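Novice: Kindly return the folded structure for what I paste below:
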Amino acid sequence: MKKRLREMEEEAAKLKDIQEQSSAELSGVPAAAGGAAGPAAAAAAASATTDADARSIYVGSVDYSATPEELQAHFADCGTVNRVTILCNKFTGHPKGYAYIEFADEDGVKNATILNDSMFKDRQIKVCFGCMAFVALMVYMATVLLLVGACMGRAQFAWCSPWGLAWTS
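Specialist: Residues are numbered from 1 along each chain as shown. Below you'll find the predicted structure:
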């Protein structure tokens, strides 16, 4: 039993090293000696991510046949587009119907929000800055509230307001 536990701990350490190396490679910051990224590398990666988020928009109701090149052409008048990411289902590979577009500067984001409710491939698209973070937070909070309610023996649904929790009766 102790041998198996030791093997599991060694495997966990290897996986942690691999994860740290891959995150360092993705951020473009080399890992420190020993395979672990140092605090400066983590700070640089966080700063780069925050900067990219400030220059990115969410585009909803995107046609399933849309390509990154078509989206780039649609938003070309807003500013220089660095990257277009159309999210796909990991099992089927089919698009989910939304995308993220990263611009070279924050002015592109301001100009792109003007295209909210514009038509793209005969569909009215939704363009917003930072709205998916809000939606993800609300979904997370609703899930937590439902779990808390279930743990407290309440069968009702919960909702969250800016003033706190409220249980339906």
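
Novice: Surely A104 touches A76?
Specialist: No. At 11.9 Å, A104 does not count as touching A76 under the criterion of C-beta atoms under 8 Å. Where you see a C-beta, it was placed from the backbone N, CA and C, and this is true even at glycine.

Novice: mean confidence score for stretch 91-104?
Specialist: Averaging pLDDT along stretch 91-104 gives 93.

Novice: quick one: the closest residue to N111 other than its chain neighbours from L15, how far?
Specialist: Nearest non-adjacent residue to N111, counting by C-beta to C-beta, 6 or more residues apart in numbering: C78, 3.8 Å away. For C78, the distance to L15 (C-beta to C-beta, to the nearest Å) stands at 41 Å.

Novice: More neighbours: those two, which one.
Specialist: Applying other C-beta atoms under 10 Å to C78 and L15 shows that C78 carries more neighbours, namely 20 against 10.

Novice: Could I get the contacting residues of that one?
Specialist: Counting by C-beta atoms under 8 Å, 6 or more residues apart in numbering, C78 touches F103, G108, N111, A112, I114, L115.

Novice: all strands of the protein, in order?
Specialist: In the chain, the strands defined using DSSP state E lie at 56-60, 81-88, 95-103, 119-120, 123-124, 126-128, 158-161, 164-167.

Novice: mind putting these in JSON lines, mean neighbour count and distance to E11 included?
Specialist: Shown next, in JSON lines, are these (neighbours: other C-beta atoms under 10 Å; distance: least, C-beta to C-beta, whole Å):
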{"stretch": "strand 56-60", "mean neighbour count": "21", "distance to E11": "36"}
{"stretch": "strand 81-88", "mean neighbour count": "16", "distance to E11": "31"}
{"stretch": "strand 95-103", "mean neighbour count": "19", "distance to E11": "33"}
{"stretch": "strand 119-120", "mean neighbour count": "14", "distance to E11": "47"}
{"stretch": "strand 123-124", "mean neighbour count": "13", "distance to E11": "47"}
{"stretch": "strand 126-128", "mean neighbour count": "18", "distance to E11": "42"}
{"stretch": "strand 158-161", "mean neighbour count": "13", "distance to E11": "39"}
{"stretch": "strand 164-167", "mean neighbour count": "11", "distance to E11": "41"}
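
Novice: would JSON lines of those strands with distance to E7 be doable?
Specialist: Shown next, in JSON lines, are the strands of the chain (distance: least, C-beta to C-beta, whole Å):
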{"stretch": "strand 56-60", "distance to E7": "42"}
{"stretch": "strand 81-88", "distance to E7": "36"}
{"stretch": "strand 95-103", "distance to E7": "39"}
{"stretch": "strand 119-120", "distance to E7": "53"}
{"stretch": "strand 123-124", "distance to E7": "53"}
{"stretch": "strand 126-128", "distance to E7": "48"}
{"stretch": "strand 158-161", "distance to E7": "43"}
{"stretch": "strand 164-167", "distance to E7": "44"}
